[in-house]
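>>> Predicted model follows, preceded by the sequence.
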Amino acid sequence: MLAVVCLVLTVEPANGRVLVLSAGLVATLVINVLLMRRAFAPLSKLTTLMARVDPLRPGQRLESPGPASEVTLLAQSFNAMLDRLETERRDSARRASAAQEDERRRLAGELHDEIGQSLTAMALQLNRLAERSSDGTRAEAIDARDSALQLVDDVRSLARQLRPEALDELGLVPALTNLIERLSARTGLVIERDLERSLAPLAPDAELVLYRVAQESLTNVIRHARATHAEVTLKNDPEGVVLAVRDDGRGMDGEPAGNGGLRFMRERAVMVGGDLRITTGASGRGTQVRLRVSSEQRSR
């Protein structure tokens, strides 16, 4: 543009130079605006992505703006930084979860072996006392024995919540079956299940996350959804294994909250690189929690 202006000023008569200079200035400004807008468009996308990045929703990346340039290098560096942050978050979450599960296992063992056995011994002593007591004190001894037996059941239930024995000893499907039957019997909620037994091989961390997400989802249904029916499915798919928990309750208003049980589920999904989606039905009724985790073979 400058070369053209210099050439025109050389050959143009004096009375036409003002017009040429004005046209050249306007053309230069327009071209600069267009070029600069195109050059800085990736920066605008980058700032937008920075504002909406959520550590609990990994995988968001900035598309490459095109040929190699400073902006392209900046976008690539930003994506690499997200890769490192997500990897470190996943590793730290795994370490924290492993420590938590070890502590849960220890507490569950102590509750079952120490407190549970002590309460059982107490119940046996109270039973013998009731047999030897007179009619006046036998009823009180029987009530005390029944209370001790109820405490034994409560302690065992708490131990199962801390660390499900069936998951360690029998595997994921029997553990989920046991969980569903216990919750249905305790609350009266009708819970249907469709659990595929021939699942793709899963890492122990992935099995634990699937169990915990199912447990937390059903707990939320019982506490908040006011549902009469729920369904739990566990299936293979080309990407790995998919868990889905659906209910016919009141659903959720807007975007799911990022705290409490929902945050717990998202953190667990991030830990194993899973894809967690929580949606409400089109009519505003019912909620679906869907988690996909990669199989052990696919992860390798």
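Sure thing, it's come through. Please read all numbers here as calculations on a predicted model, not as lab measurements.

>>> who's in contact with residue 193?
176, 177, 180, 231, 232, 233 (CB atoms under 8 Å, 6 or more residues apart in numbering). Backbone N, C-alpha and C define where each C-beta goes, glycine included.

>>> and if you look at residue 90?
Here residue 90 is in contact with 270, 271, 272, 273 (CB under 8 Å, 6+ apart).

>>> about what we covered before: pLDDT and secondary structure added to the contacts of residue 193, as CSV?
Converted to CSV, the contacts of residue 193 look like this (pLDDT from 0 to 100; DSSP: H, G, I helix; E, B strand; the rest coil):
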residue, pLDDT, secondary structure
176, 93, helix
177, 93, helix
180, 92, helix
231, 95, strand
232, 95, strand
233, 95, strand
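
>>> most neighbours, which of those?
With neighbours taken as other CB atoms under 10 Å, the top of those is residue 176, carrying 24 neighbours.

>>> So it versus residue 189, what's the distance?
Per CB to CB, to the nearest Å, residue 176 is found 15 Å from residue 189.

>>> sorry, back to before: export the contacts of residue 193 to TSV and tack on distance to residue 88?
Shown next, in TSV, are those (distance: CB to CB, whole Å):
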residue	distance to residue 88
176	31
177	36
180	36
231	37
232	33
233	33
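
>>> which of those residues lies closest to residue 249?
residue 231 (12.0 Å; CB to CB).

>>> beta partners for the closest one?
residue 192, residue 246 (DSSP bridges).

>>> can I assume it is in contact with residue 221?
No - contact between residue 231 and residue 221 fails when scored by CB atoms under 8 Å: they sit 10.2 Å apart.

>>> Pull up the overlap in contacts between these two.
By CB under 8 Å, 6+ apart, the residues touching both residue 231 and residue 221 are 245, 247.

>>> quick one: which of the contacts of residue 90 is nearest residue 291?
residue 272 (9.3 Å).

>>> Quick one: residues contacting residue 57.
Going by CB under 8 Å, 6+ apart, residue 57 touches residue 266.

>>> Regarding it, what is its secondary structure?
Following DSSP: H, G, I helix; E, B strand; the rest coil, the label given to residue 57 is coil.

>>> rewinding a little: from the contacts of residue 90, which single one is nearest residue 101?
Using CB to CB, the contacts of residue 90 come closest to residue 101 at residue 271, 11.4 Å.

>>> can you give me the strands for this structure?
Applying DSSP state E to the chain gives strands spanning 190-195, 229-237, 240-247, 275-280, 287-293.

>>> Least reliable of those strands by average pLDDT, please.
The minimum mean pLDDT among those belongs to strand 275-280 (a mean of 89).

>>> Poorly predicted segments of the stretch 151-300 of the chain, please.
Across the stretch 151-300 of the chain, residues meeting the criterion (pLDDT under 70) sit at 253-260, 284, 296-300.

>>> where do the helices sit along it?
165-169, 172-187, 204-220, 260-271, 296-299 (DSSP state H, counting those that start in this stretch).

>>> Looking at the contacts of residue 90, which is nearest residue 286?
Using CB to CB, the contacts of residue 90 come closest to residue 286 at residue 270, 25.3 Å.

>>> Report how many residues lie close to that closest one.
With other CB under 10 Å as criterion, residue 270 counts 20.

>>> Help me confirm that it comes into contact with residue 93.
Yes - counting by CB under 8 Å, residue 93 is a contact partner of residue 270 at 6.3 Å.

>>> which neighbours do those two share?
By CB under 8 Å, 6+ apart, no residue touches both residue 270 and residue 93.

>>> Longest helix in this structure, by number of residues?
helix 70-110 (DSSP state H).

>>> now that helix: how far from the chain's centre is it?
13 Å (CA atoms, centre = their mean, to the nearest Å).

>>> from here on, count from 29
From this message on, residue numbering opens at 29, which makes the last subject helix 98-138.

>>> any idea of the mean pLDDT in it?
78.

>>> what sits against residue 126?
Per CB under 8 Å, 6+ apart, neighbours of residue 126: none.

>>> picking up where we left off before, among the strands of the chain, which comes closest to residue 106?
Of these, nearest to residue 106 by CB to CB is strand 303-308, at 22.5 Å.

>>> which strands and helices sit next to the closest one?
Contacts defined by 3 or more CB pairs under 8 Å, 6 or more residues apart in numbering; DSSP states H and E place strand 303-308 against helix 288-299, strand 315-321.

>>> rerun at 6 Å
Secondary-structure packing of strand 303-308 (3 or more CB pairs under 6 Å, 6 or more residues apart in numbering; DSSP states H and E): strand 315-321.
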